[in-house]
Every structure is written in structure tokens, then in C-alpha cells.
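*Asks:* I would like the atomic coordinates for the input below:
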Amino acid sequence: MATRSFVKLCWASLLLAPLVASSDPVPTDVPRPNLRPEGHEPEPEVEPWSAYEHVNAEEFNKALKERDYNLVACRFDSEMLEWQWPFIKEQLPNHYLSVNCTAEVDLCLEHDVRTYPSVRLYRRGTMYARYRGPRNGGEIVKFTQRSLRHVVGSLDETTVGTFPESDDVTFILHLRPEDANRGVYRRFHDLATEFSDRYSFAIVGRDQDNSIDEEGEDAPTVMRCYNNVDKRQAEFDAFFENIDGMRNFVKNCGERLVKTMTMPNAQGFIEGKRAVLYYFDADQESRAKFAKDILDVAKQFQDQLDIVVSNPLQFGDIVTEVGLPNRDFPSMALQNPATMQMMLYTNEDRSPEVIARFINDGLTGQHSMVPIQEMNLDGQGPFGDLGEGGEEQQEGQEGGQEGGQGEEQAAPRDEL
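*Replies:* Numbering: from 1, shown residues only. Now for the predicted structure:
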């Protein structure tokens, strides 16, 4: 046995000796064999599509210094806004920036970015205005354009006729010279500053607005509102009767009858005391069409309820709270806090006439409704499993309250 083992060891030594003794390096220039069939070359790696062209801190500061204004999108992870970005870039060439806050953490902290995506307008190197409207490219461009105007424009007999249609909502103060020192213009200017991101404001003297020919030299000071979206106008002249009268007039006339759900206003509809008709549709054009078609119905019930359109992909948690299945859209529900009930719209006919009857039945209690307290806000509605609510984790509180930091936390809700 010992002799046989010795023979095996000798044979192994003879086989390994040439390899151990060789000092030549292993060749590295030998081409690897191509095992793929002829004509099937490997596909080059392609980076995922992105509408953004993110800048770093140095590029960001350089743009703020060299440009007179910049529209900046600070993002964490928001595909909704990304699909709108190409249109914004086309409308505002050389005046847009985007920052990836996961890569530029210090830059976003320096500029106090707390919610994502955050859209801001910078002028002359400093933050000038925040956008808080819906994630719609057209609305964001309008916000930028009106923010670049004078807070209060000055009109004459020519421009007073064209200004009313220059924006979705415009306000004109027709001022008598003798009222100029009574604080009316100052209050008007303060309101213009507050609402300049949403509406456009201008002033014209009574001696330049063609009113003398119509009303004589004693035409009073008035403020006129032109809501071109809702096709309605209004006038206010009680400047010295109610200190809050001017502000309430601007708010009520400027607010759209068919509202768009945003992060700042979403919970207000759920928790408010007014009845609400919710319309959920993932398609932006369909939501716009519904808002246009339902306008007359909104005017009919404007004193009784709010009509709000919403993107269910963004507000999945609201869909669940309302009690709708989080999968079938478009869909509608009527919330009536007065009776603590929710009525789900099941009719395939969404004509304004049918919806008007649905609203009337819900407000008068002529239709079977689901008690709101029976809604399970964890995703179990009265119709079984409603699926995922889509609720996003929020860092800090709604409205910009600062929360804790940490890599394990999800991005906070958008302010859009």
C-alpha cells in the first residue's frame, strides 16, 4: 500500500512541476470566443429616460447668478411632474433648472426644500415665489409669466379693454383721484402681493377708463373681477363698510367653481363642512373636459357644495377615504357632512343633467347613501377590499413643517 501511494505522489509531482516552474504570465490578450450566433451583437446599455437635466450645486449657483430668473424643480421621486417638464422647458427656454435632492442633499437643505416636488421661481438670485397649484405644465408656465409681471399693472384707456382677458383671473381697480389717499390702493396692492401667484392685478384712474362718457365725472371707485375660466364677472365697491370685504371678494371671485385637488387643499375637502362631489380620473385631458362640461352644474349648486377633480394616482389615499375601489376610473362620489353620508356614483351616464340629479338626490337625502362613519380608512370600504390606498409617507407636517431626517424615510408629500 505504501509503495502504491508513493507512485501516485510521484505522478502528481511530475504533472504539476511544469506549471510551478513556469514563470511566464497568463496571457491576457487572447480574444474571448464569441458564443453568440452570428449577427446577434449585445445591446448597448441605455439609461432610463428622464425629462430632467439635473444640475449640481456649482451649476445651480452659476445659473442663479447669470440669469434674471429661473424656474426650479427640486425633486425626490415624482414621475407626475416629470411628464410635464418637456412642455415647461419648451415654453421657458434657458430659464429652467432641476435638482435631484437625493444627490444634492446639502443644496436642498441650504434652500430649505422640505416637500417634493418643489417648484419655485428665483429672481435675481433669490427665491421669489413658490408654486402650489396642480402638477400641470400649462398652469406652471402661467404662474411663471404672471409672477414676472408688476404686482399691480398700470392701465390707460387702451389697455383697460385688453387686460381683462390677459389671464385666467384678473382684477382691475378703477380709482377716483379723491380716493387715492383713503387707503384703497394700499389695500389693493397688499392683496395683489398675496395673490400674485394666482391672479393678475392692475389699476386705472377713473379719468382714463372711459367711464366719464358712460357715468359722468362722479363715477365711483370700484374693483372689477374677470374670472375667464368660469365665464363670470363681479364688482365690489364697499371699501369702507367691511375691513375684510376686499379680501373676501378676491378670494370668492378668483376661486374656480370646479376646483383641482392639490396637496395643500386635499384634506380640507375630506374634513370640511361643505358637501363635496369628487371626480377621480387619471387622464389629465379627461379631467379638464369634465371640469368644462360640468361648469353649469357647478354654478347651479355653488352655494351648496364644492366640485373637485382629482388624479387618483396622486391621491390614492383620498380615493380610499371616500370609499371608492382604487382601480376603476373615472369614478365619482358625493360626500354630505350634514347627513354624515357618502353616495357613490354608479351610473355610466356622466352627462351634466344626470349628475345634477345625482347631486340633488344626495343633498336632499332621496338616494340611498353609505354612512361616512362606516368607511374604514385603512382600505376596507363597504364594498370589500379597496386595494392599496397609495398613501405616501410624509416627512414633517403638511404645509412645510420640518420633520426628522433619515435615509430610511420616504420622501414627503408634494406641495403640488
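*Asks:* my guess is Val152 contacts His189, does it?
*Replies:* Yes - here Val152 lies in contact with His189, judged by CB atoms under 8 Å, at a distance of 5.5 Å. Where C-beta positions appear, they are placed from N, C-alpha and C, glycine not excepted.
*Asks:* Of those two, give the one with the bigger neighbour count.
*Replies:* Higher neighbour count among Val152 and His189: Val152, with 20 against 15, using other CB atoms under 10 Å.
*Asks:* how near is the more buried one to Ile172?
*Replies:* Counting by CB to CB, to the nearest Å, the gap from Val152 to Ile172 is 10 Å.
*Asks:* Could you name every residue contacting both of the two?
*Replies:* 201-203 (CB atoms under 8 Å, 6 or more residues apart in numbering).
*Asks:* Any regions of the protein where pLDDT drops low?
*Replies:* 1-49, 76-80, 212-218, 366-416 (pLDDT under 70).
*Asks:* And it, what are its domain boundaries?
*Replies:* Following automatic domain parsing, one gets these domains for the chain: 57-138, 153-254, 258-385.
*Asks:* By neighbours, which of the shared contacts of Val152 and Ile172 wins?
*Replies:* Phe201 leads the shared contacts of Val152 and Ile172 on contacts (other CB under 10 Å) with 26 neighbours.
*Asks:* Pull up the pairing partners for the host helix or strand of that one, direction included.
*Replies:* Per DSSP states H and E, Phe201 falls inside strand 200-205. According to DSSP bridges, strand 200-205 forms sheet pairs with strand 153-154 (parallel), strand 169-175 (parallel).
*Asks:* Relative to Tyr52, which of those is closest?
*Replies:* strand 169-175 (30.5 Å; CB to CB).
*Asks:* Not counting its neighbours along the chain, what's nearest Gly272?
*Replies:* Leaving aside its sequence neighbours, Gly272 sits nearest to Pro337 (CB to CB, 6 or more residues apart in numbering; 7.1 Å).
*Asks:* Identify the residues contacting the one you found.
*Replies:* 272-275, 372.
*Asks:* of those residues, closest to Thr159?
*Replies:* Of the contacts of Pro337, the one sitting nearest to Thr159 (CB to CB) turns out to be Arg274, at 38.1 Å.
*Asks:* Let me see the contact set for that closest one.
*Replies:* Here Arg274 is in contact with 304-306, 337 (criterion: CB under 8 Å, 6+ apart).
*Asks:* tell me the secondary structure for Asn242?
*Replies:* coil (DSSP: H, G, I helix; E, B strand; the rest coil).
*Asks:* Can you tell me how far it is from Phe236?
*Replies:* 10 Å.
*Asks:* Between the two, which has more neighbouring residues?
*Replies:* Set Asn242 next to Phe236 and count neighbours by other CB under 10 Å: Phe236 wins out with 19 against 11.
*Asks:* Show me what that one bridges to in the sheet.
*Replies:* Met223.
*Asks:* For the remainder of this discussion, apply numbering that starts at 431.
*Replies:* New numbering, starting at 431: the last item is Phe666.
*Asks:* separation between it and Thr589?
*Replies:* Counting by CB to CB, the gap from Phe666 to Thr589 is 21 Å.
*Asks:* returning to that earlier point: contacting residues around the strand holding Phe631?
*Replies:* Contacts for strand 630-635 (CB under 8 Å, 6+ apart): 576, 579, 581-586, 589-590, 593, 596-597, 599-607, 615, 618, 621-622, 625.
*Asks:* Around Glu701, how many other residues sit close by?
*Replies:* Neighbour number of Glu701 under other CB under 10 Å is 8.
*Asks:* ranges for the helices of the stretch 731-846 of the chain?
*Replies:* 746-752, 782-794 (DSSP state H, counting those that start in this stretch).
*Asks:* Packing partners of the shortest one?
*Replies:* Read that as helix 746-752. In terms of contacts (3 or more CB pairs under 8 Å, 6 or more residues apart in numbering; DSSP states H and E), helix 746-752 is packed against helix 693-701, strand 705-710, strand 761-766.
*Asks:* can you check the longest one too?
*Replies:* Applying 3+ CB pairs under 8 Å, 6+ apart, we find helix 782-794 packed against strand 705-710, helix 725-730, strand 761-766, strand 771-775.
*Asks:* Report the inter-axis angle for the last one versus helix 782-794.
*Replies:* Read that as strand 771-775. For strand 771-775 against helix 782-794, the angle by axes from the mean of the first three to the mean of the last three CA atoms, to 10 degrees is 160 degrees.
*Asks:* Just checking: what are the partner strands of strand 771-775?
*Replies:* Counting by DSSP bridges, strand 771-775 is paired with strand 761-766 (antiparallel), strand 800-801 (antiparallel).
*Asks:* possible to save these as TSV with distance to Glu496 and mean neighbour count?
*Replies:* Output for the strands paired with strand 771-775, formatted as TSV (distance: least, CB to CB, whole Å; neighbours: other CB atoms under 10 Å):
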stretch	distance to Glu496	mean neighbour count
strand 761-766	48	22
strand 800-801	58	14
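*Asks:* want to throw these into a markdown table with distance to Asp779?
*Replies:* Shown next, in a markdown table, are those (distance: least, CB to CB, whole Å):
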| stretch | distance to Asp779 |
| --- | --- |
| strand 761-766 | 12 |
| strand 800-801 | 21 |
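*Asks:* Let me know which of those strands is the nearest to Ser716.
*Replies:* strand 761-766 (11.9 Å).
*Asks:* any idea which of the contacts of Arg704 is closest to Lys681?
*Replies:* Asp736 (13.8 Å).
*Asks:* for that closest one, what are its contacts?
*Replies:* 689, 699, 702, 704-707.
*Asks:* Which one of those residues sits in the busiest neighbourhood?
*Replies:* Leu707 (26 neighbours).
*Asks:* Provide the partner residues of the nearest residue to that one once chain neighbours are set aside in its beta bridges.
*Replies:* Counting by CB to CB, 6+ apart, Ile737 is the residue found nearest to Leu707 once chain neighbours are left out, at 4.7 Å. Note on Ile737: beta-bridge partners by DSSP bridges are Val688, Leu707.
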